[in-house]
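**Student:** got a sequence here, can you model it:
(2 chains)
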Amino acid sequence: MSIHHIRVTINGKLYEGDVEARTLLVHWLRDSLRLTGTHIGCDTSSCGACTILVDGKAVKSCTMLAVQADGRELLTVEGLEQNGKLHPLQEGFHVEHALQCGYCTPGMMMAALALLKRNPDPSEQEIREGISGNLCRCTGYVNIVKAIQYAAQKLREPEQVPAGSGGGGE
Amino acid sequence: MTTTSAGPHVHGLGEPYKRKEDARFIRGKGNYVDDIQLPGMLYADIVRSPYAHALIKSIDISKALQVPGVVAVITGKDLEAAGLAWMPTLSGDSEAVLAVDRVLYQMQEVAFVVAESRYAAADGAAAVEVDYEPLPVVVDPHKALAPDAPLLRPDKKDRQPTNQIYHWETGDRAATDAAFAEAEQNGVVVRQDMYVPRIHPAPIETCGCVADYNAATGKLTVWMTSQAPHAHRTLFAIVSGLPEHRIRVISPDVGGGFGNKVPIYPGYVCAVVAALKTGRPVKWIEDRTENLTSTGFARDYHIHAEIAADKEGTVKALRVYTLADHGAFDAAAQPTKFPAGLFHICTGSYDFKHAHVAVDAVHTNKAPGGIAYRCSFRVTEASYLIERMMDTLAREVGKDPAEIRLQNFIKPEAFPYRSALGWTYDSGNYERALRLAMEKIGYEELRREQAEKRARGELMGIGISSFTEIVGAGPGKHFDIAGIQMFDSCEIRVHPTGKVLARIGVQTQGQGHETTFAQIIAAELGISPDDVDVEHGDTDTAPYGLGTYASRSTPVGGAATAVAARKIRDKARKIAAYLLEVGEEDLEWEPGRFYVRGSPSKGKTIQEIAFAAYTNCPPYLEPGLEAVNYYDPPNLTYPFGSYICVVDIDRGTGEVHIRRFLAVDDCGTVINPMIVEGQIHGGLTQGLAPALYEQLAYDENGNVLGSNFQDYLIPTAMETPRWETARTVTPSPHHPIGAKGVGESPTVGAPQAIANAVVDALAHVGVRHIDIPITPWKVWAILKEKGLATA
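**Tutor:** Presented below is the predicted three-dimensional model:
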């Protein structure tokens, strides 16, 4: 098995490593770099739990080889929070109760981020289409749609959305 | 309530308090089993049978051992030598951990390979050579009992040579038969065969574990995807012979359970064996195909149901015969006393005077299971059959499905209600829930619209499900898991500064216990939920409990929590009386504070009392402020609801479009309405799934046809409608805070609302039943047959 040296920028930080040619990107992220926020749910690019951004586009990292990430820029869930401030999607998922077991959540937020990058003001139907590659078994999607709407509005007009009422955590 | 101090807002019961657990999950900082990485850890992969039924002639592991990175290969024979080749199931059967000489279903575990990496383990598994001799396969449970059927379990030497697992009956057969004879003469009898298909819970996180044995201390730690860590610890102790205090089971963050993570699977046992054998930690994580094809399936009930009624449609008797397909091993999750679980709740929300239920369970060449998938032990099957049958009865007597239900509901004044099959329903008001649902959705208007559309040739259907749930097992005298009584527990420690650590015997897989259980304590003690941390899932720290499934967390664990908090308050009262130099009977409680009756300014907050418990405790009391409660519920709880579904059917493609779905739920007292609504949304989606999409089908050779998410169709956001919810509140009279549990109601109640809507859309052309999942193909075939298809 051939070994390859790769250099990948992840969440703004440069990572280097030697990987087997067959190593899946998601395994490199999780097992080697210990970025375990990206999850594995199906190994067949059906469930979207492993969704990350590669050069700004949503990619299922169980279906990409680590060597294919060489020289590219990745964003994972760990990179959403900036300087102690939650990303509007993280805030939206909390405020709108868009997660339960939390397992699909990182992939769902990354898919939503890719959607909002290409369509800052999506309709409900466009949101549903945008996350249709991501399975959630807990929430029934209703609150995920609301969370993405929350984030979309906040990203468009940051001062308009009132902070969520009550609540633990944040 | 008199308020004498402007204390902080409590966020107790009934408040949509945001979840405490979200903070880690939205940052990708959860700690799921596959996130655990220990120094020197090995990875495992399992060699599985490609055949549904075969003899194992030989297993050659020599090539596998030469694969770079492979450390060990364990076979059934190795386990047999250690006395570990078989393990007990939740139903008292013995299940092969690794097959020794015979495989009984496709994907059964045959060998366990451990290696330095995931990839090396997979390479090693691929290099294990197994020589099989295929045997005839039994897929159809109806054929399993035929005299010439191959005997699947010759290992069951204490039993008759048959594929039958059990025959079980309950109810009054003679009275039921008499009522049917009467109805045949002077009333109506409706009959229907229906199949509730084999499905899979398919949590997005599959099952897995990390087993770590410390030879120096003799302590085994197993992090595992477990919905019942204490029960699993006890089973590990019994199976392995290791002393129970040297076993620690930790259920970390769990990515959905839904009943899938209640059983013990061979992979867990093999990981433990491999850790003992190699002296290194071993991680086993199944892939999606392994999850769908080998771990606990649900349902698979072939049901024949009959209702006897008078000519007006007033029900008299229910008669049910069911053939249950349990697969190769009887691993069904149910209490010992009730082999078909709570299936005999099947009289549902209706006042049947007589009923009789018979169930035969059989072995087939399919994966073992029969777990309670988001359902309290076969309630889903029961509710489906009665709600489908009430619609069939309505057609027979020419009444609206709503009318037939209102006519036959158990009346509110009849509670506590003793059902013909022996259950005591705690409380209910079924008519109120259905009338609210009809009013909110505009039932009469929808019926008018349907009539107009029908006249134009358009197909629209309205389906109702007025289900009754039965959840919250125990009481312990009737319910057990592998012999252990089903109580649950809570331990509360109030620290000197008034902050609280609570540990509970139930465990969360997304239900939000860290928030809702904090709210229960907050409400009882008058403090903020932010000041209460709830821990669970670690058998070394949490009090013994039976775990979370069958909607038992709130009914049992929640009750234990409320009672433990009240013990804290009782002691706090004694301390307050001492501090205030008055009698206990002179004190009044308001949230967070005791004060002297008549002198509201003279009082002590719970924080001041907590501090005194450690610094200035009355000499006649033990210092400290802690309490434990083990709660054995006096009865089950009976949540209920009325769901109405509106569908439109495409005459060209047979596709069913859910236009609206309104769920009115009554789960008694609501702890957190936001979380309750979230549970309902998710449960409805898991009810939609088997109604229209999901089925674990097998071909005639026993090949699984739904072994990945391309073939096993979990609804995405595109298939899932925008659920509408509403609620009534009928508290449970026997629960300390009146709560009943909610997580499973929507999964139990929804499939038949959808099925009833589709049948309703086609009722005018004589359709009375379509088996779920109602696929476009099934609908299109009916449209074609009835001359309604436009393509």
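**Student:** which regions of the chain sit below the pLDDT cut-off?
**Tutor:** You didn't say which chain, so I picked chain A. For chain A, applying pLDDT under 70 flags the ranges A:159-170.
**Student:** sorry, I should have been clearer: chain B.
**Tutor:** In chain B, residues with pLDDT under 70: B:1-9, B:158-159.
**Student:** hmm, 50 instead?
**Tutor:** B:1-6 (pLDDT under 50).
**Student:** looking at it, which residue is nearest chain A?
**Tutor:** Closest contact between chain B and chain A, by Cβ to the nearest Cβ, is at residue B:28 (1.9 Å). Every residue, glycine included, has its C-beta placed from N, CA and C.
**Student:** now that residue. Nearest residue, chain neighbours left out?
**Tutor:** In space, and not counting its chain neighbours, residue B:28 is closest to residue A:37: 1.9 Å by Cβ to Cβ, 6 or more residues apart in numbering or on different chains.
**Student:** please apply the same query to residue B:613.
**Tutor:** For residue B:613, the spatially nearest residue (Cβ to Cβ, 6+ apart) is residue B:625, at 4.0 Å.
**Student:** for that neighbour, give me its contacts.
**Tutor:** With contact set as Cβ atoms under 8 Å, 6 or more residues apart in numbering or on different chains, residue B:625 has these partners: B:493-494, B:568, B:571-572, B:575, B:609-610, B:613-614.
**Student:** pull the most distant pair out of those residues.
**Tutor:** B:493 and B:575 (15.5 Å; Cβ to Cβ).
**Student:** comparing the two, which residue is more hemmed in?
**Tutor:** Taking neighbours as other Cβ atoms under 10 Å in any protein chain shown, residue B:493 and residue B:575 compare with residue B:575 leading, 24 against 16.
**Student:** how is chain A carved up into domains?
**Tutor:** Following automatic domain parsing, one gets these domains for chain A: A:3-79, A:88-156.
**Student:** could you dump those domains to TSV with mean neighbour count and distance to residue B:476?
**Tutor:** Listed next are these as TSV, based on neighbours: other Cβ atoms under 10 Å in any protein chain shown; distance: least, Cβ to Cβ, whole Å:
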stretch	mean neighbour count	distance to residue B:476
domain A:3-79	19	36
domain A:88-156	23	28
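**Student:** what does the stretch 101-250 of chain B put close to chain A?
**Tutor:** Applying Cβ under 8 Å from any Cβ of the partner chain, we find that the stretch 101-250 of chain B lies next to chain A at B:118-119, B:201-206.
**Student:** got the phi and psi for residue B:490?
**Tutor:** In this entry, residue B:490 is assigned phi and psi values of phi -150, psi 140 (degrees, to the nearest 10).
**Student:** give the contact list for it.
**Tutor:** B:502-505, B:517, B:543, B:557, B:560-561, B:563-564, B:628-629, B:631.
**Student:** and with 10 Å instead?
**Tutor:** Residue B:490 sits next to B:502-506, B:517, B:520-521, B:534, B:536, B:542-543, B:545, B:557-565, B:567, B:627-631 when contact means Cβ atoms under 10 Å, 6 or more residues apart in numbering or on different chains.
**Student:** try residue B:632
**Tutor:** Contacts for residue B:632 (Cβ under 10 Å, 6+ apart) come out as B:474-477, B:479, B:485-488, B:556, B:559-560.
**Student:** of those, just the buried ones, PyMOL syntax please.
**Tutor:** Filtering the contacts of residue B:632 down to the buried ones (16 or more other Cβ atoms under 10 Å in any protein chain shown) takes a single PyMOL command:
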select buried, chain B and resi 474+475+476+479+485+486+487+488+556+559+560
